[in-house]
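A.B. asks: Attaching a predicted model along with its sequence, questions to come.
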Amino acid sequence: MESTVRDKNQTLIFSVDDIRRIVRQIGVNQLMDEVIARLTHACDTYDAAKACAPARSGFEYQLPGIGLLEWMPVIEFGRRALIKVVGYHPANPSRRTLPTILSTALTYDVETGHMLALMDGTFMTALRTGAASAVATRLLAPRQSRVLGLVGAGAQAIAQLHGLSRVLELERVLVFDTDARVSASFAERAGLLGLENIDIRVAPLETVVTTAHVLCTATSVDIGAGPVFEDSPLLHAGLHINAVGSDFPGKVEVPKSVLRRSLVCPDFLEQALREGECQQLQPGDVGPDLVTLVKRAKELEDYRDRPTVFDSTGWAFEDLVAADVLLSHGRDLGCGTKVVIESMAADPRNPYAFACDAASTDISDGSVGMILRSR
Ligand SMILES: NC(=O)c1ccc[n+]([C@@H]2O[C@H](COP(=O)([O-])OP(=O)(O)OC[C@H]3O[C@@H](n4cnc5c(N)ncnc54)[C@H](O)[C@@H]3O)[C@@H](O)[C@H]2O)c1
């Protein structure tokens, strides 16, 4: 009985060492391919009555520096729930050698409320954001797209290149970042992806946006400082844009005029109208969301030759898909450390009784009297 209680109470801690082991064993390309495939399938079979991912909420603050801490919940009723906490601190890379996006995720047993897993969310976020762009790009970009433009060359840009390299036959990547050191280091950072056959080079902003067949904007542009490039008659006629960095009220990357002549597809409409490029549009001017895009892919085929925008704000359902992929590989590889975090006594009606359970290592004689004396 005692051991049953403890087993039920165990949470799998999935640290960066576990994620590293999964990445090394499985390979980043297979992981990306699986997330792309599973996300496509999840969108195709998505039933709004069976799941719920409310628009995220969080804290925005200016002290000790500009930052955001947000929580992104998602549930599949009767099955599982995940809550991701994500921090956005754009000064992190230059001041602290930390990523701008730092994240952790928790998964829950919806029958009991017990926390099943606590895992890194930083790699997962990059992976699923790259995968979401790949899903949209595969459906909206011209099939012969060979040139990728990246505006903003930080962490997400790596995963954007990765995701798109799995669905397009890229020949060239043109990179621009307002921080010249970030542009210059991009090709080396992308080296881990093994894309030796793709020519990756730094270019002026205008060259990037007017040469690109597919453009990804993944910047930490300040609120009110966007867009990050200017509209131009030289933009490719069928340009597909993945706008990844606009994820906060007032923060946009794409010129309104470009949006107005494009089919704009949000990942999650409610959130995109508040935080994404869709802030610049009326709800009636917004195109199908990611789920509809996947479900109606054949009908939307004509849009490949027209300008399109995937307005990616980050949808918690994508996290669920990516967490599934990582956790299932982790289970197969025996990764993770089981820890008892929640107090769960043999007597469920006594919230103090856990301290007396014989299994506890803290209490020598197991008596309530001992607890009271040691206050
Ligand atoms: N859509 C999603 O699901 C999702 C997921 C994760 C992150 N994001 C967002 O993506 C953005 C990038 O995140 P990251 O982790 O790559 O951050 P990062 O700090 O690693 O990279 C951002 C880069 O943008 C550059 N930049 C800022 N303003 C620019 C401009 N006007 N033009 C060109 N470059 C500019 C910065 O110099 C920096 O190198 C953030 O806004 C983040 O919130 C979105």
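C.D. replies: Arrived safely. Numbers count the residues shown, from 1 in each chain.

A.B. asks: Pick out the residue of the protein closest to the ligand.
C.D. replies: Taking C-beta to the nearest ligand atom, the ligand has its nearest neighbour within the chain at Gly154, 1.9 Å off. In this view, the C-beta of every residue, glycine as well, is placed from N, C-alpha and C.

A.B. asks: Count the neighbours of that residue for me.
C.D. replies: 21 (other C-beta atoms under 10 Å).

A.B. asks: same check, this time on Arg146
C.D. replies: 14.

A.B. asks: re earlier: please report the distance of the residue of the chain closest to the ligand from Val35.
C.D. replies: From Gly154 across to Val35, the span is 20 Å (C-beta to C-beta, to the nearest Å).

A.B. asks: This structure: helices as residue ranges?
C.D. replies: Using DSSP state H, the helices of the chain run over residues 2-8, 16-26, 28-44, 122-140, 155-165, 180-189, 205-211, 256-260, 269-275, 290-295, 316-333, 368-373.

A.B. asks: I'd like the ones you listed as CSV, with mean neighbour count and mean pLDDT appended.
C.D. replies: CSV is the format used below for those (neighbours: other C-beta atoms under 10 Å; pLDDT from 0 to 100):
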stretch, mean neighbour count, mean pLDDT
helix 2-8, 12, 49
helix 16-26, 16, 97
helix 28-44, 19, 98
helix 122-140, 26, 98
helix 155-165, 25, 98
helix 180-189, 15, 98
helix 205-211, 18, 98
helix 256-260, 18, 98
helix 269-275, 21, 96
helix 290-295, 21, 97
helix 316-333, 22, 97
helix 368-373, 11, 48
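
A.B. asks: Can you list the low-confidence ranges for the stretch 51-200 of the chain?
C.D. replies: Judged against pLDDT under 70, the stretch 51-200 of the chain has no low-scoring part.

A.B. asks: near the ligand, which residues of it?
C.D. replies: 88, 90, 93, 100-101, 125, 129, 151-157, 176-179, 182 (C-beta under 6 Å from any ligand atom).

A.B. asks: Just give me the neighbour total for Leu98.
C.D. replies: The burial count for Leu98: 14, using other C-beta under 10 Å.

A.B. asks: What degree of burial does the closest residue to it other than its chain neighbours show, as a neighbour count?
C.D. replies: The spatially closest residue to Leu98, leaving aside those adjacent along the chain, is Asn92, at 4.0 Å (C-beta to C-beta, 6 or more residues apart in numbering). Per other C-beta under 10 Å, the neighbour tally for Asn92 reads 19.

A.B. asks: Next: the one 4 residues further on.
C.D. replies: Taking other C-beta under 10 Å as the criterion, the count of residues near Arg96 is 10.

A.B. asks: and it, how far is that from Tyr352?
C.D. replies: The value you get for Arg96 to Tyr352, if C-beta to C-beta is used, is 41 Å.

A.B. asks: now swap in Glu188 and tell me
C.D. replies: 56 Å.

A.B. asks: ok, now Leu234?
C.D. replies: Relative to Tyr352, and taking C-beta to C-beta, Leu234 is found at 71 Å.

A.B. asks: do Thr211 as well
C.D. replies: Here Thr211 is placed at a distance of 67 Å from Tyr352 (C-beta to C-beta).

A.B. asks: try Ile158
C.D. replies: Distance from Ile158 to Tyr352, by C-beta to C-beta: 49 Å.

A.B. asks: likewise Thr210?
C.D. replies: 68 Å.

A.B. asks: Quick check: residues of the stretch 251-375 of the chain near the ligand?
C.D. replies: Ser312, Thr313, Gly314.
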